[in-house]
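In: Sharing a sequence plus its predicted fold:
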Amino acid sequence: MPAPQKASIQLMADAIRVLSMDAVERANSGHPGMPMGMADVATVLWSKFLKYDAGDPAWPDRDRFVLSAGHGSMLLYSLLHLSGFKALTLDQLKAFRQLGSMTPGHPEYGHTPGVEVTTGPLGQGLAASVGMAIAERHLAARFGADLVDHRTWVVAGDGCLMEGVSQEAISLAGRLKLDRLTVLWDDNRITIDGAIGLSDATDQLGRFKAAGWAVRAIDGHDVGQIRRALAWAVRQDKPTLIACRTTIGKGAPNFEGTHDVHGKALGSDEVAATRANLGWPHEAFVVPDEAYRPWRAAGRRGRKLRQAWEARLAAAGARAEFERAISGELPRHALERLDAFIAEAEASRPAAATRQHSGAVLERIFGEIPELVGGSADLTGSNNTYVKNTQVLDAPDYAGRYINYGVREFGMAAAMNGMAVHGGVIPYGGTFLVFTDYSRPAIRLAALMGIRVIHVGTHDSIGLGEDGPTHQPVEHLAALRAMPNLNVFRPADAVEVAECWKLALDAKATPSVMALSRQKVAAVRTTPIGENLSARGAYQLAAATLPAQVTIFASGSEVGVAIAARALLEEDGIGARVVSTPCWELFEAAPADYQAAVIGETAVRVAVEAGVRMGWERFIGEDGVFVGMASFGASAPDKALYHHFGITPEGVAAAAKAKL
């Protein structure tokens, strides 16, 4: 009996090899080497261990499979097609890397059923998988093992482990003892440039072991070793690394084991030679029934498990709450407490840093939205992200809702992506705005995937003061605003902070950055309106009392500067209006006539922001006046810095007069 089973597994693995080879050849673009090398490991995993049902790709209690080495996307597409995911037809494999296909060059979440997270930028899939594993443990603690009991499996390559974010990810996973997480390292010892030894000599097993992982090394082409290693992994009480020693391009007689097979088509001669070497007599994209049958059986293997789970869900008292959480819908009336907060702020006009207002908002709504899981990259007290009396999420009880990420901004941001795509969690995390440079690649993937992740970026300008230019963001607002599908909120006071949090929590398909001040700001919204004005992106905050000659645009802590400058201008008989711009992206989505009305037609348009000018032309035009930063900052108290750089009411008024 063992021999026929091995033969079946070999045939199934070879189907992956030839489909991957054929798709890359047809596209004349792609990476055949990794799929051909990891075909044996993937076949054993998907046919014997992975819990899934190809007929229901969105089953909430499925295992998550993450292809961190996303360049080898044909491995995943072949697995999805062979196991019976309806969307991944043979025609889709033939359309690999073509416009409009479901088989893009790198796996894209939300585009292809069965793709759990967008990967390609190396290391990020591994880091996101840590968030998935956190979400699984947290939801199991909340809803019980009858509803949440699954694993996260990751295929990572040498490049993933070289990227710095991998260290952030594996150290966090080890600290949290995420025993439902297994990384299958494609240890093929090849990079694009050549042998791994050209650039790396790391003892990866020792590295993972030092971070608190259980580790094991196997022959990645020995079916028995693969099976035993996977069975071992599910018994461990810590995250597991299986180093799978493989041959890149396995089966290609002239290219296997070389860097030539990593990232280009094999060519017609080598494709023919590979077919002969594998004993595969079929034409391109032809898979025989004897390979399809065991694969389709593997795809159906989880059906009874899913049906039993659905029966448990139907009988569960928490069914409605579970389904709501997984859907991403907020609890009904969850945000109503912020209406009371806004009314109180309009009446009491609190003067405080917007980071403090953000903390106050979280205190109001955290208990209303059980899916919120917060954290900080070792800046909790500065970011105001911790809600009093919140349990910390930690082993062995993962019911807590606050994560101590340590000094791991990139790892935090990527883990939040993993939590969001897993479902059932709405993650937010804090750091200084300047350190979004560290987390930017993960923010970009969140925007690309269209997921709800909230980044709290405090100390958002030179207003942070004495820490100096290394910590003072100058270009960061412009850089973040340049990113598609990212809402960058820079609220001016308590009312706008509450409004922006409402918008961020409602934005199921868009990540958000909250740019918040360290320094105290005065209240600017003091009249009840009954509408979320920040939802417009920009709005007239103060009208001119004289015929308007000047419009002053501002965001965040500089809105107060603009209001004071308006008063100076009007004292001198110059009518001036002020426009607050808490979210440019929402303003761009507003109707054109509304945009035109807000921008207006005054003779002079001035923008004031403690950052660089880039982007403000949208409001003030190429010949408009900008009062802000044209250099890095300096180390001094915030008031001294604003005076030094001319970001004052007097400076704004003088600039407007000069332009008049």
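Out: Yes, it's here. Numbering: from 1, shown residues only.
In: CA atoms for contacts and neighbours, from now on please.
Out: Noted.
In: just checking, residue 32 touches residue 24?
Out: Yes - under the criterion of C-alpha atoms under 8 Å, residue 32 makes contact with residue 24 at 6.5 Å.
In: between these two, which one's more packed in?
Out: Shown here are residue 32 and residue 24; by other C-alpha atoms under 10 Å, residue 32 has more neighbours (32 against 26).
In: list the residues that contact both of residue 32 and residue 24?
Out: 264-265 (C-alpha atoms under 8 Å, 6 or more residues apart in numbering).
In: Residue 122 is in what secondary structure piece?
Out: Assigned by DSSP states H and E, residue 122 belongs to neither a helix nor a strand.
In: Quickly note the distance from it to residue 156.
Out: According to C-alpha to C-alpha, to the nearest Å, residue 122 and residue 156 sit 8 Å apart.
In: Overlap of the contact sets of those two?
Out: Both residue 122 and residue 156 are contacted by 68-69, under the criterion C-alpha under 8 Å, 6+ apart.
In: Which residue ranges of the stretch 351-500 of the chain form strands?
Out: Counting by DSSP state E, counting those that start in this stretch, residue ranges of the strands within the stretch 351-500 of the chain are 352-353, 372-376, 402-404, 426-432, 454-458, 487-489.
In: Then the stretch 501-650 of the chain?
Out: Here the stretch 501-650 of the chain has its strands, by DSSP E, counting those that start in this stretch, at 512-515, 520-521, 539-542, 548-554, 575-580, 604-608, 625-627.
In: quick one: the strands in the stretch 1-150 of the chain?
Out: 64-67.
In: could you show me where the helices are in it, in order?
Out: Counting by DSSP state H, counting those that start in this stretch, the stretch 1-150 of the chain has these helices, from start to end: 2-27, 33-37, 39-44, 73-83, 90-94, 124-143.
In: For residue 432, find the nearest of those.
Out: Nearest to residue 432 among the helices of the stretch 1-150 of the chain is helix 124-143 (20.6 Å), distances taken as C-alpha to C-alpha.
In: next one: the closest one to chain centre, how far?
Out: 13 Å (C-alpha atoms, centre = their mean, to the nearest Å).
In: packing partners for that helix?
Out: Applying 3 or more C-alpha pairs under 8 Å, 6 or more residues apart in numbering; DSSP states H and E, one finds that helix 124-143 contacts strand 64-67, strand 152-157, helix 164-176, strand 181-187, helix 409-422.
In: can I get these in CSV with mean pLDDT?
Out: As requested, the helices and strands packed on helix 124-143 are arranged in CSV below (pLDDT from 0 to 100):
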stretch, mean pLDDT
strand 64-67, 99
strand 152-157, 98
helix 164-176, 98
strand 181-187, 99
helix 409-422, 99
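In: for those, which one ends up most surrounded?
Out: Highest mean neighbour count among the helices and strands packed on helix 124-143 (mean count of other C-alpha atoms under 10 Å): helix 409-422, with a mean of 30.
In: What is that helix packed up against?
Out: Using 3+ C-alpha pairs under 8 Å, 6+ apart, the elements in contact with helix 409-422 are helix 124-143, helix 164-176, strand 426-432, helix 436-449.
In: which helices and strands sit right next to the second one?
Out: Secondary-structure packing of helix 164-176 (3+ C-alpha pairs under 8 Å, 6+ apart): helix 124-143, helix 409-422.
In: rerun at 6 Å
Out: Contacting helix 164-176 under the criterion 3 or more C-alpha pairs under 6 Å, 6 or more residues apart in numbering; DSSP states H and E are the following elements: helix 409-422.
In: what does the helix it packs on contact?
Out: Residues outside helix 409-422 that contact it (C-alpha atoms under 6 Å, 6 or more residues apart in numbering) are 127-132, 135, 165, 168-169, 377, 425, 427, 438-439, 442.
In: I'd like to know which of the residues you listed is nearest to residue 588.
Out: Ranked by distance to residue 588 (C-alpha to C-alpha), the contacts of helix 409-422 are led by residue 442 at 23.8 Å.
In: Let me know whether residue 257 touches residue 247 as I believe.
Out: Yes - assessed by C-alpha atoms under 6 Å, residue 257 is found in contact with residue 247 at 5.2 Å.
In: Dump stretch 439-446 to PDB, restricted to CA.
Out: Output in PDB follows, covering the C-alpha atoms of stretch 439-446 (Å, rounded to 0.1, in the frame of the first residue of the first chain):
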ATOM      1  CA  SER A 439       5.700  50.600   8.800                       C
ATOM      2  CA  ARG A 440       5.000  52.100   5.400                       C
ATOM      3  CA  PRO A 441       5.400  48.900   3.300                       C
ATOM      4  CA  ALA A 442       2.700  47.200   5.400                       C
ATOM      5  CA  ILE A 443       0.500  50.300   5.300                       C
ATOM      6  CA  ARG A 444       0.800  50.200   1.500                       C
ATOM      7  CA  LEU A 445      -0.300  46.600   1.400                       C
ATOM      8  CA  ALA A 446      -3.200  47.400   3.600                       C
END
